[in-house]
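Participant: Provided below for reference: sequence and predicted model.
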Amino acid sequence: MRRNSSRKLSIIVFLLTAIIVFGRHYIISLIRGEADSSEVMITNVFDFDAKNNTINNLENIYADGSYFFINDGGSFTAHDMEGKVLWEDSFAENICMDSNEKNLVIADKKKGDIFIFTKEGEQLASAIGTGKLERVKILSDDRVLSLSADSSTINIFSDFFEDRKKVLIGSGNIVKFDVSESKDELSVLAIDSINGVSTSAIYRYSLDSTFLNARVFESVLLQIYYWKDSTVLVTPNSIELVDSDYNLTDSTNLIGNIVTVSKQGDQIYAITEEVIEDKVQSYKLVIYSLFSKKVEMTSFIEQKYDNIYRNGNYIVLSNAQQIEVRDNDGELVYTKDLEFPVKKICIFDNGYILASNGKQLSVLKIKK
């Protein structure tokens, strides 16, 4: 009787040990991205090494989820997300790009030549010699905004460059701007220094360049977004909502310094760091709902990430070395180490990921 009990006990101990050992190995391999998990994986689709992009301009590579575009020293190619070349052209060595649902805007940053193309390669319009610029943005109705190289002016082009309006801020440098097409408005965030102290100012204009109002803030703002009838202000440690006259309607402290932030739909995604005695003690992933005006989820993470993107039921985090996939509760699902130091990552709803450092490029895809 005792012999049978001992035998049963040995079998139970063996089974428990096997479950612990193999279960632990499986979990670790899943976290490291080594498991053949049917839940989620990230695979390589296409790799490219620019031969002539010696300036390593990150804006020479652009993607919108359906296509990606590479300007390699002036040799321009348009690809589908699997890497197939769809059309080719030639531009200046140093360009920037943006797109709407149908069309692509391409701008020479040095001369200010701006072109609108269909994504299939047909040129629709151009404006030559508009002045040195840093960034372009194309709206859904093909109006184009360009930010000057000295960060002082935004040009607003309409009717395929037939009309040009200019927004010139009074002081400081433009660091961010956001557009509300439903309100036909532009909000500009500028940083200035007064007596050695950094301040922020928001200038609001209609898209015909009419000045609407402005407000100076004594502290530095990190980001501004339009949301419905409100403007969202991201401070170093809080999210604030203000009305069109900048009256505060809500404020939520995120506890810690915000180091990364992005807005998708009705949610703000942030990574915060807690610093004690000049040492970073922890990082957190925070999701804030603009509807409820509350923090919906907080999860500890092991390191700082530069990009946050919601992809369906998953949250994708990335930095120069790694991509992490987490579920809606912030729990780690999958990790992929990147093959080269990355400076720019774009993540799209269809699961494609473009990772680039200005010279090397990889197209990846999340498979669920």
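Facilitator: Now that the structure is in, tell me what you want to look at.

Participant: in this protein, which spans are helices?
Facilitator: 2-31 (DSSP state H).

Participant: Tell me where the model's unsure across the stretch 201-350 of the chain.
Facilitator: For the stretch 201-350 of the chain, no stretch is flagged by pLDDT under 70.

Participant: now do 90
Facilitator: Along the stretch 201-350 of the chain, the model assigns pLDDT under 90 to residues 217-219, 255, 275-281, 311-313, 328, 339-341, 343-345.

Participant: Can you show me the strands along it?
Facilitator: Listed from the start of the chain, the stretch 201-350 of the chain has strands (DSSP state E, counting those that start in this stretch) covering 211-217, 223-227, 230-234, 238-242, 248-253, 257-264, 267-276, 279-289, 294-301, 307-311, 314-318, 322-326, 332-337, 344-347.

Participant: can you put the ones you listed in TSV and add mean neighbour count?
Facilitator: Heads up, the C-betas are built off the backbone N, CA and C, glycines and all. What follows is the strands of the stretch 201-350 of the chain, written out as TSV (neighbours: other Cβ atoms under 10 Å):
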stretch	mean neighbour count
strand 211-217	14
strand 223-227	19
strand 230-234	21
strand 238-242	19
strand 248-253	12
strand 257-264	18
strand 267-276	18
strand 279-289	17
strand 294-301	15
strand 307-311	19
strand 314-318	23
strand 322-326	21
strand 332-337	17
strand 344-347	21
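
Participant: Now distance to V167 too, for these, in a markdown table please.
Facilitator: A markdown table is the format used below for the strands of the stretch 201-350 of the chain (distance: least, Cβ to Cβ, whole Å):
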| stretch | distance to V167 |
| --- | --- |
| strand 211-217 | 8 |
| strand 223-227 | 15 |
| strand 230-234 | 17 |
| strand 238-242 | 20 |
| strand 248-253 | 25 |
| strand 257-264 | 22 |
| strand 267-276 | 26 |
| strand 279-289 | 30 |
| strand 294-301 | 35 |
| strand 307-311 | 29 |
| strand 314-318 | 33 |
| strand 322-326 | 37 |
| strand 332-337 | 42 |
| strand 344-347 | 27 |
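
Participant: nearest to A190, of those?
Facilitator: A190 lies closest to strand 211-217 among the strands of the stretch 201-350 of the chain, at 9.3 Å (Cβ to Cβ).

Participant: just to revisit the earlier point, of all the strands of the stretch 201-350 of the chain, which one comes closest to E59?
Facilitator: With Cβ to Cβ, the closest approach to E59 among the strands of the stretch 201-350 of the chain belongs to strand 344-347: 8.9 Å.

Participant: how about the nearest residue to the residue nearest to the spatial centre of the chain, chain neighbours excluded?
Facilitator: What sits nearest the mean C-alpha location of the chain, by Cα atoms, centre = their mean, is N307, with 5.6 Å. The shortest distance from N307 to any non-neighbouring residue, by Cβ to Cβ, 6 or more residues apart in numbering, is to S318 (4.5 Å).

Participant: looking only at pLDDT, what's the mean for stretch 47-67?
Facilitator: When the per-residue pLDDT values of stretch 47-67 are averaged, the result is 83.

Participant: just how off-centre is it within its chain?
Facilitator: The chain centre lies 16 Å from the centre of stretch 47-67; the measure is Cα atoms, centre = their mean, to the nearest Å.

Participant: just stretch 233-247 next, same as before
Facilitator: Put simply, stretch 233-247 sits 20 Å off its chain's centre (Cα atoms, centre = their mean).

Participant: can you check stretch 131-147 too?
Facilitator: Taking mean C-alpha positions (Cα atoms, centre = their mean), stretch 131-147 and its chain are 18 Å apart.

Participant: could you dump it to CSV, C-alpha only?
Facilitator: The C-alpha coordinates for stretch 131-147 follow below in CSV (Å, rounded to 0.1, in the frame of the first residue of the first chain):
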residue,chain,number,x,y,z
GLY,A,131,11.6,78.4,-50.0
LYS,A,132,13.6,76.1,-47.7
LEU,A,133,11.3,73.9,-45.7
GLU,A,134,11.3,71.2,-43.0
ARG,A,135,8.0,69.4,-43.3
VAL,A,136,4.9,69.0,-45.5
LYS,A,137,1.4,67.8,-44.7
ILE,A,138,-1.4,67.1,-47.2
LEU,A,139,-5.0,67.3,-46.1
SER,A,140,-7.9,65.1,-47.3
ASP,A,141,-8.9,67.8,-49.9
ASP,A,142,-5.3,68.1,-51.2
ARG,A,143,-4.5,71.4,-49.4
VAL,A,144,-0.8,71.3,-48.5
LEU,A,145,0.9,72.8,-45.5
SER,A,146,4.6,73.4,-45.4
LEU,A,147,6.7,74.3,-42.3
